[in-house]
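Enquirer: quick one, what's the 3D model for this:
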Amino acid sequence: MSQINENIRNIAIIAHVDHGKTTLVDKILAATKVFKDHQETGELIMDSNDLERERGITIFSKNAAVMYKGVRINVIDTPGHSDFGGEVERVLRMADGVLLLVDAFEGPMPQTRFVLQKALQLHLKPIVVINKVDKPNCRPIEIHNQVFDLFFSLDATEEQLDFTTYYGSGKHNWFNDTLEQSADITPVLDGIIKLVPPPVAYEGTLQMQITSLDYSSYQGRIAVGKVNRGTVRENQAVSLVQADGKILRSRVKELYIFEGMGKKKVTEVMAGDLCAVVGLDEFRIGDTIADFENPEGLPFVAVDEPTMSMTFGINNSPFYGKDGKFVTSRHIRDRLWKETEKNLAMKVEETNSADSFLVYGRGILHLGILVETMRREGYELTVGQPQVLVKNIDGVKSEPYENLVIDVPENFASRAIDLVTRRKGELHVMEAKGDYQHLEFDIPSRGLIGLRSNLLTQTAGEAVMSHRFVEYKPWKGNIPGRINGVLLAKDPGTTTGYSIDKLQDRGFFFVDPSEEVYKGMIIGENNRPGDIVVNITEGKKLTNMRASGSDAATNIAPKRLMTLEECMEYIQQDECIEVTPNNIRMRKSILDEEERKKAQRSSQMKAESV
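Expert: Below is the predicted model:
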C-alpha cells in the first residue's frame with residue numbers, strides 16, 4: 001500500500017558547466033522570499049566552497065528547500081562536470097523530477113547528455129529550461145529541437161519525450177513557456193508544482209538510502225537522503241544495512257529537514273521527504289537506514305568506474321616541511337581514506353612503498369580538485385603524472401575513450417583538428433554554429449592529457465572544449481607527449497635577474513628573479529627537444545669599472561604562471577609536482593643529474609632486452 005505526499009516536490013537541476021544552474025537556484029530562493037528584503041545575499045549562493053567560487057563551477061551537490069503556494073520544493077543543485085558524475089548519480093535518487101537547463105546558444109553539450117542519461121534511466125520527469133535567450137546569435141527554437149533529438153537518442157519513453165519547455169534568462173530574472181518576456185520566474189515554479197509528480201510514500205517498515213554526507217564540527221558526520229518507506233523518528237533505534245550485507249545497530253539522535261539554505265530540527269520525517277540524520281556511526285554513502293527488527297536494504301548505488309590514476313606521496317624535496325602542517329605519510333594516508341568515504345568515484349590503493357599511494361579518479365579535474373583541497377587544508381605532497389587505466393577485455397589491450405566537443409572560431413578550426421588528430425582523435429561531426437565551428441571527436445583519454453593548454457595557445461584562447469567518458473576500446477598506439485625539453489636548476493640557491501636574462505634565448509621560465517630553487521627543479525621550458533641543466537643562481541661579477549648602459553636584467557620576460565591542472569598535464573613520466581600550501585613546483589623525480597642518467601640507461605637496457 002502506498003500514498004502520495006501532495007505537499008512536497010523533489011527536483012534536481014542538471015546542466016552542462018556554466019549554463020546557469022546555480023544562478024537559477026539563486027532566483028528561486030529570491031522569488032520564494034527565503035531571505036528577508038534587507039538581507040545581503042550575494043550571487044551564486046549555493047556555491048559555498050572557496051574552490052567552487054574561484055572556478056565558477058559546482059563540485060559538490062547541495063540541497064535547499066523553498067515554500068511556494070503551500071508546497072515545499074526540495075531543490076538539489078548538481079555538478080555539471082562529468083568528472084564529478086559520481087556526485088550526480090547518487091543525488092538523482094533523491095529527486096522525482098529534473099530541471100534540464102540548456103544554453104540558448106550552445107545547446108546540449110556532452111555533460112548535458114551524460115547527466116540526462118542518468119536521469120532518464122531513473123524514470124524522472126523532465127522539464128526543459130532554455131536559458132540565456134537574451135544572448136546574441138541565440139537559437140531557442142533550434143535548441144528545443146536539438147534537445148528533443150537528444151532525448152530520442154537516449155531512448156526516452158513516450159511520456160518523457162512529451163516534455164514542457166520554458167524559455168528565459170536567469171540573469172534577467174524571467175522565464176515563460178513562450179518566448180514572450182514575463183515579469184519573473186514564477187511560471188517555472190508553477191510548472192514544477194504542476195508537472196513534477198509528488199513523491200510516493202510507500203507503507204511499511206523504514207527504508208532510507210544515504211545518498212550524501214554532511215559534516216558539522218559539533219555534530220560529526222551527518223547522513224543525508226530520501227525516506228523511501230515508513231517514517232523515521234528522533235531517538236529511534238535503527239539498523240544500518242551496508243553494501244556487503246553487514247548489519248549494524250544504531251540510533252537516530254537528531255533529525256533535520258531542509259528549509260531555505262539551512263536545516264530545521266523536527267521529531268519525525270515521513271516517506272517521500274529529504275532529511276538529514278545525526279548520530280549514526282560508521283555509515284557510508286549507499287548504505288540503507290532500515291527498521292531495527294526487520295532490516296531490508298535498498299539496491300546499492302552503482303557508480304561508473306574511474307578512468308585515471310595518479311601517485312600521491314610525501315614531499316621528499318629539499319624544501320620538505322617548510323610550508324605545510326601535515327607532511328607525513330600517515331597524514332596523507334588518513335586524508336585519502338577519508339576522501340573515499342564521501343567521494344564514491346575515487347579509489348585509493350597502497351603501493352610497495354609506505355610513502356606513496358595510488359589514487360584513481362574520473363579525470364584530471366577530479367584528481368586536481370582533491371590535490372587543491374588537500375593543499376588548502378595544509379598538506380604537503382608529491383604527485384606524479386596522471387596515467388589512464390588500461391584493461392584487458394577479451395584478450396585485447398583496451399583503454400578509455402572520450403567524446404570530445406570543441407567549439408572554435410572558423411579561422412582556428414583547422415588548427416584544432418590538426419592538434420586532436422595528432423593525438424589519435426577521429427573527427428565525427430563538423431558543423432557551423434554562427435561564426436563558430438562545432439567539432440566532435442572520438443579520442444583516447446590519454447590524448448586529452450595536455451590538450452587543453454595546447455588548444456588554447458593554438459586558438460588564441462578562443463576554443464571551448466568539453467569531454468565525457470564513453471567506453472573502453474582497443475589501444476590506439478603511441479601518442480606523442482610534450483615535444484620540448486625542460487630547463488633544470490643546476491644548484492640550489494636564489495635565482496638572479498642576471499642569470500635569467502642571459503638564458504632567455506634558451507626558452508621561457510616558470511620562475512622570477514629572487515625565488516628559491518633546488519637542484520633538479522624544473523625552472524623553464526627549453527625551445528628544443530631534450531632537457532638542459534642551467535645555472536640560474538649566478539650573480540653578476542662586480543668590478544670597480546662602471547657598466548656602460550643600463551642593467552639588462554630589467555628586460556626579463558615575466559614568468560609563465562601554471563595552474564595545478566596545467567602542471568599535471570605538462571609533466572612527463574620521469575617528473576612530478578611538489579604541492580605545498582603556498583607553492584606548486586615541478587621537478588624531476590630523481591633530482592641528481594648523474595643518478596637520473598643511470599636510471600635512464602638501465603630503463604633503456606631493460607626495454608631493449610624485452
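
Enquirer: list the contacts of the helix ranked longest in the chain.
Expert: In the chain, taking DSSP state H as the definition, the longest helix is helix 593-609. Helix 593-609 is contacted from outside by 488, 520, 533, 574, 588, 590, using C-beta atoms under 8 Å, 6 or more residues apart in numbering. C-betas here are computed from N, CA, C, even on glycine.

Enquirer: those residues in strands, which ones?
Expert: Under the assignment DSSP state E, the contacts of helix 593-609 contribute 488, 533, 588 to strands.

Enquirer: contacting residues around the first one?
Expert: Contacts were defined as C-beta under 8 Å, 6+ apart; by that measure Leu488 touches 520-523, 531-534, 588, 593.

Enquirer: repeat that with 10 Å
Expert: By C-beta atoms under 10 Å, 6 or more residues apart in numbering, the contact set of Leu488 is 517, 519-524, 526, 531-534, 536, 586-588, 591, 593, 596.

Enquirer: how much space separates Leu455 from Ala416?
Expert: As judged by C-beta to C-beta, to the nearest Å, Leu455 and Ala416 stand 6 Å apart.

Enquirer: higher neighbour count, the two?
Expert: Taking neighbours as other C-beta atoms under 10 Å, Leu455 and Ala416 compare with Ala416 leading, 26 against 21.

Enquirer: pretty sure Thr205 sits in a strand.
Expert: No: per DSSP: H, G, I helix; E, B strand; the rest coil, Thr205 lies outside any strand segment and is coil.

Enquirer: for the residue lying closest to it once chain neighbours are set aside, name its beta-bridge partners.
Expert: In this structure, Thr205 finds its nearest non-sequential neighbour in Asp291, 3.6 Å apart by C-beta to C-beta, 6 or more residues apart in numbering. Here Asp291 sits in beta bridges with Val238, going by DSSP bridges.

Enquirer: for Leu455 and Ala416, list the residues in contact with both.
Expert: 406, 408, 462-463, 465.

Enquirer: quick one: which of those residues has the most company?
Expert: Ile406 (26 neighbours).

Enquirer: related to what we said a few turns ago, mind putting the ones in strands among the contacts of helix 593-609 into JSON lines with pLDDT and distance to Leu365?
Expert: As requested, these are arranged in JSON lines below (pLDDT from 0 to 100; distance: C-beta to C-beta, whole Å):
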{"residue": "Leu488", "pLDDT": "92", "distance to Leu365": "28"}
{"residue": "Val533", "pLDDT": "91", "distance to Leu365": "33"}
{"residue": "Lys588", "pLDDT": "91", "distance to Leu365": "25"}
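
Enquirer: pLDDT weak spots in the stretch 101-250 of the chain?
Expert: By pLDDT under 70, the weakly predicted segments of the stretch 101-250 of the chain are 110-111, 215-217.

Enquirer: where exactly do the helices run in it?
Expert: With helices called from DSSP state H, counting those that start in this stretch, the stretch 101-250 of the chain shows them at 110-121, 140-153, 158-161, 186-195.

Enquirer: please save the CA atoms from the last one in PDB.
Expert: Extracted in PDB, the C-alpha atoms of helix 186-195 (Å, rounded to 0.1, in the frame of the first residue of the first chain):
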ATOM      1  CA  THR A 186       7.000  32.100 -11.200                       C
ATOM      2  CA  PRO A 187       6.000  30.200 -14.400                       C
ATOM      3  CA  VAL A 188       8.800  27.800 -13.800                       C
ATOM      4  CA  LEU A 189       7.800  27.300 -10.100                       C
ATOM      5  CA  ASP A 190       4.100  26.800 -11.200                       C
ATOM      6  CA  GLY A 191       5.400  24.200 -13.700                       C
ATOM      7  CA  ILE A 192       7.400  22.300 -11.000                       C
ATOM      8  CA  ILE A 193       4.200  22.000  -8.900                       C
ATOM      9  CA  LYS A 194       2.000  21.000 -11.800                       C
ATOM     10  CA  LEU A 195       4.400  18.700 -13.700                       C
END
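
Enquirer: what about the residue nearest to Thr205, neighbour count?
Expert: Asp291 has 18 nearby residues by other C-beta under 10 Å.

Enquirer: what's near enough to touch it?
Expert: Applying C-beta under 10 Å, 6+ apart, the residues near Asp291 are 204-207, 229-230, 236-239, 241.

Enquirer: let me have those residues in a markdown table, adding neighbour count as columns.
Expert: As requested, the contacts of Asp291 are exported to a markdown table (neighbours: other C-beta atoms under 10 Å):
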| residue | neighbour count |
| --- | --- |
| Gly204 | 14 |
| Thr205 | 16 |
| Leu206 | 24 |
| Gln207 | 23 |
| Arg229 | 20 |
| Gly230 | 19 |
| Gln236 | 19 |
| Ala237 | 12 |
| Val238 | 23 |
| Ser239 | 20 |
| Val241 | 23 |
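
Enquirer: of those residues, closest to Ser499?
Expert: Distance to Ser499 across these (C-beta to C-beta) is lowest for Val241, with 64.8 Å.

Enquirer: wait, the closest one touches Ser250, no?
Expert: No: applying C-beta atoms under 10 Å, one finds Val241 not in contact with Ser250, separated by 11.0 Å.

Enquirer: any shared contact partners between these two?
Expert: Counting by C-beta under 10 Å, 6+ apart, the residues touching both Val241 and Ser250 are Ile289.

Enquirer: list just the nearest of the ones in strands among the contacts of helix 593-609 to Ser212.
Expert: For the ones in strands among the contacts of helix 593-609, the nearest to Ser212 is Lys588 (40.9 Å; C-beta to C-beta).

Enquirer: what sits against the closest one?
Expert: Counting by C-beta under 10 Å, 6+ apart, Lys588 makes contact with 486, 488, 519-522, 531, 533, 571-572, 574-576, 595-596.

Enquirer: please tell me how far it sits from Gly481.
Expert: 15 Å.

Enquirer: before we move on, what about Leu381?
Expert: To Gly481, Leu381 is 23 Å away according to C-beta to C-beta.
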